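Asks: Sharing a model prediction with you, sequence too.
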Amino acid sequence: MALFTQLKSYQALQAHFEQAKNLHMRDLFAQDPERFNKFSAKACGIELDYSKNRITEETKALLLDLAREALVEEKRDGMFAGARINTSEDRAVLHTALRNKSGNPVLCDGVDVMPEVQATLAKMKAFVNEVHNGTRTGYTGKKFTDVLAIGIGGSFLGPKIMTEALKPYRVDGLKVHFVANVDGAHIHDVLATLPIETTLVLMSSKSFGTQETLKNTETAKAWFLENGGKFEDIAKHFMCVSSNIKAATEFGMDADNIFPMWDWVGGRYSLWSAIGLPIALALGFDNFEALLDGAYEMDQHFLTAPLEENVPALLGVLGVWYINFFGAQSHVLLPYDHYLRGFPAYVQQLDMESNGKSATPTGDYLDYATGPVIWGGEGTNGQHAFHQLIHQGTVLIPADFIMPLHSQHEMTNHHAMLASNCFGQTQALMQGKTVEQVKAEFAGKGLTDEEIEKVAPQKVFEGNKPTNTILMEKLTPNALGQLIAMYEHKVFVQGIIWGINSFDQWGVELGKVLGNDVLAKLEDSSIELNGDSSTNALIEKFRNRNA
Ligand SMILES: O=P(O)(O)OC[C@H]1O[C@H](O)[C@H](O)[C@@H](O)[C@@H]1O
């Protein structure tokens, strides 16, 4: 397969870019009252307004040619059908099977994975219901009141952020707490609030080999044993989710307390599996099912909608337009919803760990940009902080504004105010403010021409800053499932266009290996310091910190 920049459609886009880069969206809107209708699309409950992008109909057609030439549709079908597209780990990529509601089998190496998926969902459901109705209790027979969920990366961000996002749907009487960081401060503070007799510890680690998670689980176990729990009570209080059943059993997990997952589920795509148990415990199993349903609906849209109306595909190619032609290096997510405030951090792992790659699966180094820096924060707070740079800075930062039309809490006029800020921001970013408009504002204010010349450029907004507005009726479990799956598929589309493997994460390995080497040196001062002078000096400082 040719590299992205060698594709015919890439060359056509490059030629087109030379004139498209000079167009201003202000003019495009003025010329065409139908622009919104032409550049908006619907995917199940999600509506995408992408009219405030620096594109024409020709740009869209060329970008979709690129997607077709890169075989996005064929590879999409391959992923859903269990092809081993994660080649460096020789694995299929089947998170979509976890929410497959079609009743059809999904084959991985000729074996239908659906019976195992369904059996695990049934086990999760029974477990969640037993915890909620008090038939499963702690060692003194009391109903569980708290869950301590331990995990990191994909075994943490999804469960934590989605539980937060769906706060209004939480069940009463059971609080879910998350611990990820190996910084003892995190588990220290959380354990200090937990009642031993009624706390369930749920450890999530696909590999069952992640240092932070193992350490935090050991600490939780020691806390349990030191505060009244007995060794034989551990099975009542400690559960885990892992694909490494052997390591989990060796660690002392009771076989009945292990929820399985599979190597064809990537960590950052795993909240749909038993990794999502904290979500189900916090919200009830029906709400977890609704999250899966929403993702399934988005899967169907992604699979069947023509690329011209395919929301994840459109988002994917628009990203490529800015990254590879305009040179954008970051992409900002701006949820105008307090409960979605953690969502940018979720998409940050999803996108950056998937597409932060610089070589192809066939061994070529890339000479073009791939995944951008993903960042963001909740609106309206960001407007009073970092939006300045998006409006008037020197770098181009495409933005996704995410806005539910209904609030979870209809407080007087708050929601109209929130929405007005969201829509007003995208309008300001698009149209900007010309020097003529700025000068006209000075008229009659008694400023000299010289003073006006000095101040005016600082008040000019260039505009022409691209934004997508992503609307939904309300942030329900179903809508959130759709939203997450939409971003998963956007990332997939971009990975295919760039010719990279979006499903491995070798970039995190080196730090882990060197970290273990350093840990040995920190714990044993007789080990010779044979690294670079900086690392040696830092280790020395730590070794001597009590001197
Ligand atoms: O679930 P685990 O095996 O503990 O892995 C937790 C996380 O750590 C790794 O370093 C990866 O970068 C993540 O993709 C993964 O989700």
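Replies: Done, it's in. Numbering: from 1, shown residues only.

Asks: ok, D400 touching L333?
Replies: Yes: using CB atoms under 8 Å, D400 is in contact with L333, at 5.1 Å. From N, CA and C alone the C-beta is placed, and that goes for glycine too.

Asks: which neighbours do the two share?
Replies: Taking CB atoms under 8 Å, 6 or more residues apart in numbering as the criterion, D400 and L333 both touch G376.

Asks: And the closest residue to D112 other than its chain neighbours, how close does it get to the ligand?
Replies: With CB to CB, 6 or more residues apart in numbering as the criterion, D112 has its nearest non-adjacent residue at 3.9 Å, and that residue is P105. In this view, P105 and the ligand are 27 Å apart by CB to the nearest ligand atom, to the nearest Å.

Asks: helix/strand/coil for P105?
Replies: With DSSP: H, G, I helix; E, B strand; the rest coil as the basis, P105 sits in coil.

Asks: Number of residues surrounding it?
Replies: 13 (other CB atoms under 10 Å).

Asks: let's have the chain start at 19 instead
Replies: With the count now opening at 19, the last piece we talked about shows up as P123.

Asks: Need phi/psi at it.
Replies: phi -70, psi 160 (degrees, to the nearest 10).

Asks: Without its sequence neighbours, what residue ends up closest to the residue in the stretch 269-418 of the chain that the ligand sits nearest to?
Replies: Closest to the ligand within the stretch 269-418 of the chain is G285: 2.5 Å, counting by CB to the nearest ligand atom. Excluding its sequence neighbours, the residue lying closest to G285 (CB to CB, 6+ apart) is G172, at 2.9 Å.

Asks: Surely the one you found forms part of a helix?
Replies: Yes: assessed with three-state DSSP, G172 lies in a helix.

Asks: In terms of pLDDT, where does the residue most central in space within the chain sit?
Replies: For the chain, V365 is the residue whose C-alpha lies nearest the centre (CA atoms, centre = their mean; 2.1 Å). Note for V365: predicted pLDDT of 98.

Asks: next one: L21
Replies: 89.

Asks: What residues of stretch 260-269 count as buried?
Replies: For stretch 260-269, the buried set under the neighbour-count rule, 16 or more other CB atoms under 10 Å, comprises 260-262, 265-266, 269.

Asks: S69 contacts K56, doesn't it?
Replies: Yes: contact criterion CB under 8 Å: S69 and K56 qualify, at 7.1 Å.

Asks: Please say which of the two ends up with more neighbours.
Replies: Legend: neighbour count by other CB under 10 Å for S69 and K56, higher for S69 (22 against 13).

Asks: Helix, strand or coil: sort out that one for me.
Replies: coil.

Asks: do you know how far it is from the ligand?
Replies: From S69 across to the ligand, the span is 35 Å (CB to the nearest ligand atom).

Asks: quick one: stretch 208-219 to chain centroid distance?
Replies: 29 Å (CA atoms, centre = their mean, to the nearest Å).

Asks: May I see the buried residues of that stretch?
Replies: 208-209, 212, 214-219.

Asks: quick revisit: show me what contacts the residue of the stretch 269-418 of the chain closest to the ligand?
Replies: G285 touches 171-173, 224, 523, counting by CB under 8 Å, 6+ apart.

Asks: The residue nearest to the centre of the chain: what's its closest spatial neighbour, skipping adjacent residues?
Replies: Using CB to CB, 6+ apart, the closest residue to V365 is Y505 (5.2 Å).

Asks: That neighbour is in contact with Q366, isn't it?
Replies: No: look at Y505 against Q366 with CB under 8 Å: they stay out of range, at 10.5 Å.

Asks: So which of those two has more stuff around it?
Replies: Using other CB under 10 Å as the criterion, Y505 and Q366 rank with Y505 on top: 21 against 18.

Asks: right, is the helix or strand containing that one up against the ligand?
Replies: Counting by DSSP states H and E, the element that carries Y505 is helix 495-516. No: applying CB under 6 Å from any ligand atom, one finds helix 495-516 separated from the ligand by no less than 13.4 Å.

Asks: Toward the C-terminus, what is the element adjacent to that helix?
Replies: Assigned by DSSP H and E, the successor of helix 495-516 is helix 527-541.

Asks: What mean pLDDT does whatever helix or strand comes next after that next one get?
Replies: Note on helix 527-541: by DSSP H and E, the next helix or strand toward the C-terminus is helix 551-561. Helix 551-561 comes out with an average pLDDT of 98.

Asks: No more questions from me, cheers.
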